[in-house]
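Q: Everything below, folded, please.
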Amino acid sequence: MEIKQNTLYLTTQNSYVSRDHLTLRIEVERELKLAVPIHHLESICVFGQTLISPSALELCWEHGVPVNYFSENGYFLGRWEGVANTSVMLRRAQYRAADDPKAAASIARQIVAGKLQNSRQSLLRSARETDSPEEEKALRVAADEVLRILKRLREFQPVLVRAPSGSDGLDAIDGQPVRTLSGSDGPDASDSQRGGAQVEKLFYLDRIRGFEGQGANIYFKVFGLHLRQQRLDFPFTQRTRRPALDAMNCLLSFLYALVRHDCIAALCATGLDPFVGYLHADRPNRPGLALDLMEEFRPLIADRLAITLINRRQIEPKDFVPREGGAFELKKDTRKAVIAAYQTRKQDVITHPILNQEVRIGHLMLVQARILARHLRGDIPEYLPCVLR
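A: Numbering: from 1, shown residues only. Below you'll find the model as predicted:
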């Protein structure tokens, strides 16, 4: 257990958190390990089996400190917080955009564009750093393929062609046949209109998700070439999750969980609902907007940090534990080391490409959440993702 950037990370299993006036006490087997005044914290991340007393939760609620629950391996389970301090008008605008097919598609397209651009920059960076001409060529070819997908995404203008009544449900979008939902999902006209809007939204987003999927396949196909050290110890063929079937996927999943936590916190601080997104479909207990926001940060922060940790031998094969069924898990001490490396990385300062101001990497999620809020309010015409060179 440790505190990083005003966030308390509870990684020791079977910990117990209690309240002592305005202080949280963390005990393991009835032995006090840490005492933290509540005003020193902005959030708490619980990994695995930890018990928090009702009075301690009440203290967190009183001071606006959310408690985020993860599985021991970093899979986000849920978030506990008091009544959120939100902007009603902003959330109304967020929900209206989510129900508007073209507005949702516009935001989703910008999100995917940001991810593809950052993925391409990561490929080009590794191409410059490698000593192998063959690997440089493979990385640059992959970067060019991602660029072609990015150009197609930018040129994509969805045009809906509805199937005539009595057809087999096949419509066409952008000249491609696609099977769709029924145009009506209820007995009355209003239900039919809502159903039509959902079909339209499905068309737009499925094509945009298709561009994202193509780019991800190309990106991960050569992901192993990023590694200049321990390549044989960290073989990578494809992205797998729940469970992660190799050490690299295990490390990536854990880092994605940390980024997702920061995206949820940034959206809540901005007044947005982290569970209503645009690119990711609505599902119970799924923070869709947080997943949307983190897309541009996957290659930018999580992937590059994983590559750096392995190339510097700060993470080695001995830091993972294989489980039944082929899954891999990070050891307890390794999780702490990864968290520390992630928090150190967040202290690095970059020049934000839109604001043209120096910003810590750890503040990028909050900056981007505010840019999204400005777009939803109508202050700027479109959402602008963060793309670093």
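
Q: Can you pull the poorly scored residue ranges out of the stretch 1-150 of the chain?
A: Scanning the stretch 1-150 of the chain for pLDDT under 70 picks out the ranges 1-5, 73-75, 83-86.

Q: can you pull out the strands in it?
A: 2-4, 7-10, 15-20, 23-28, 31-37, 43-47, 50-52, 67-70, 76-80 (DSSP state E, counting those that start in this stretch).

Q: Okay, now the sheet partners of the fourth one, with direction.
A: So that's strand 23-28. Strands adjacent to strand 23-28 in the sheet, as given by DSSP bridges, are strand 15-20 (antiparallel), strand 31-37 (antiparallel).

Q: got it, and the last one?
A: Its sheet considered, strand 76-80 pairs with strand 67-70 (antiparallel) by DSSP bridges.

Q: Could you list the residues in contact with the partner strand?
A: Residues from elsewhere that reach strand 67-70 (C-beta atoms under 8 Å, 6 or more residues apart in numbering): 43-48, 52, 57, 60, 76-81, 257, 261, 264. For glycine as for every other residue, the C-beta is placed from the backbone atoms N, C-alpha and C.

Q: just the buried members of those?
A: Buried by 16 or more other C-beta atoms under 10 Å: 43-48, 52, 57, 60, 76, 79, 81, 257, 261, 264, out of the contacts of strand 67-70.

Q: Tell me which helix or strand Asp262 sits in.
A: Applying DSSP states H and E as the criterion places Asp262 in helix 247-270.

Q: what is the orientation angle of that helix with strand 76-80?
A: If you take axes from the mean of the first three to the mean of the last three C-alpha atoms, to 10 degrees, helix 247-270 sits at 20 degrees to strand 76-80.

Q: What mean pLDDT does the following helix or strand past helix 247-270 get?
A: Per DSSP H and E, the first helix or strand lying C-terminal to helix 247-270 is helix 288-294. Here helix 288-294 scores 95 as its mean pLDDT.

Q: Show me the contact partners of helix 288-294.
A: Here helix 288-294 makes contact (C-beta under 8 Å, 6+ apart) with 94, 107-108, 111, 256, 259-260, 263-264, 266-267, 272-282, 365, 368-369, 372.

Q: check contacts around the closest residue to Lys346 other than its chain neighbours.
A: Nearest residue to Lys346 in three dimensions, chain neighbours excluded: Gly362, at 3.0 Å (C-beta to C-beta, 6 or more residues apart in numbering). Gly362 makes contacts with 5, 262, 343, 346-347, as judged by C-beta under 8 Å, 6+ apart.

Q: With distance to Glu145 added, can I get the strands of the stretch 1-150 of the chain in JSON lines?
A: Putting the strands of the stretch 1-150 of the chain into JSON lines (distance: least, C-beta to C-beta, whole Å) gives the following:
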{"stretch": "strand 2-4", "distance to Glu145": "38"}
{"stretch": "strand 7-10", "distance to Glu145": "38"}
{"stretch": "strand 15-20", "distance to Glu145": "47"}
{"stretch": "strand 23-28", "distance to Glu145": "49"}
{"stretch": "strand 31-37", "distance to Glu145": "49"}
{"stretch": "strand 43-47", "distance to Glu145": "37"}
{"stretch": "strand 50-52", "distance to Glu145": "45"}
{"stretch": "strand 67-70", "distance to Glu145": "35"}
{"stretch": "strand 76-80", "distance to Glu145": "31"}
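
Q: Asp282: how many residues sit nearby?
A: Applying other C-beta atoms under 10 Å, we find 10 residues neighbouring Asp282.

Q: Now do the domain split for this structure, please.
A: 2-80, 88-164+206-377 (automatic domain parsing).

Q: Next, format those domains as a markdown table and append distance to Pro385.
A: As requested, those are exported to a markdown table (distance: least, C-beta to C-beta, whole Å):
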| stretch | distance to Pro385 |
| --- | --- |
| domain 2-80 | 22 |
| domain 88-164+206-377 | 3 |
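
Q: Thank you kindly, that will do.
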